[in-house]
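> Got a sequence here, can you model it:
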Amino acid sequence: MRISVAAAVPLLFCLAAACGPAPLAPPATPPSASPAAPERSAGTPEPAERAPDGNPMAGPGTVCGEAEAANGSLAAVAVRRGRADCAEAVRVLRAYYRPGTPKQGSAGVATVAGWECVSNTAAESMRTGRLTSCRKGGTTIVADVIP
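Modelled structure (predicted):
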């Protein structure tokens with residue numbers, strides 16, 4: 001398609017006028033004023049929730065570390081449900097597995113630092129890979145067999 005110069009000039013002028021001048025840059029924040037907090041877009045994650053010791057809280061599926069189980073094998077300590085401080089989760093399960101921690105019944109029920117912990121039978125642990133679960137409120141931390 002071919003456009004004559006006589007037709008192109010008014011068209012360009014019309015487009016330029018419709019678009020208007022280029023937008024001005026936003027005014028700079030004066031040095032004495034503190035800038036406002038930036039707005040979060042829909043894809044930006046929430047700021048990390050913090051435990052009392054300042055550590056970030058971990059969510060479901062987070063592997064926090066390892067603890068030596070009662071049978072001497074290493075178990076992976078993870079958050080199963082809710083949000084937990086990983087350092088606390090590891091401390092709780094290590095304390096649970098200490099020989100001096102009093103446990104009740106064949107399930108080894110014990111309360112450690114406010115967490116109610118219980119272990120699976122050997123057969124159930126072999127079947128599921130789950131050695132121990134500890135609950136506190138709506139949060140569950142677990143110790144799983146490391147393959």
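> and Gly82, what is it in contact with?
59-60, 137-140 (CB atoms under 8 Å, 6 or more residues apart in numbering). For the C-beta atoms, the positions are set from N, CA and C on the backbone; glycine is no exception.
> where's it relative to Arg135, distance?
Going from Gly82 to Arg135 by CB to CB, to the nearest Å gives 9 Å.
> What subset of the contacts of Gly82 is buried?
139-140 (16 or more other CB atoms under 10 Å).
> So which of the contacts of Gly82 are in strands?
Using DSSP state E to define strands, the subset of these located there is 139-140.
> Let me know the closest of the contacts of Gly82 to Ser106.
Distance to Ser106 across the contacts of Gly82 (CB to CB) is lowest for Thr140, with 20.7 Å.
> Next, find the distance separating that closest one from Gly100.
For Thr140, the distance to Gly100 - CB to CB - is 24 Å.
> still on that earlier bit, turn the contacts of Gly82 into a markdown table, including pLDDT and distance to Ala70.
Converted to a markdown table, these look like this (pLDDT from 0 to 100; distance: CB to CB, whole Å):
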| residue | pLDDT | distance to Ala70 |
| --- | --- | --- |
| Gly59 | 85 | 28 |
| Pro60 | 89 | 25 |
| Gly137 | 96 | 25 |
| Gly138 | 96 | 27 |
| Thr139 | 97 | 23 |
| Thr140 | 98 | 20 |
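> Same list, the contacts of Gly82, but as TSV with distance to Thr121 please.
Putting the contacts of Gly82 into TSV (distance: CB to CB, whole Å) gives the following:
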residue	distance to Thr121
Gly59	29
Pro60	25
Gly137	26
Gly138	26
Thr139	24
Thr140	19
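> Which residue ranges of the chain form strands?
Counting by DSSP E, one finds strands in the chain at the ranges 57-58, 63-68, 74-81, 84-85, 110-112, 115-119, 130-136, 139-145.
> Pick the most buried one from these.
Most buried of those, by mean neighbour count (mean count of other CB atoms under 10 Å): strand 84-85, with a mean of 26.
> So what are the sheet partners of that one and their directions?
strand 57-58 (antiparallel) (DSSP bridges).
> tell me the mean pLDDT for the strand it pairs with?
Per-residue pLDDT over strand 57-58 has a mean of 84.
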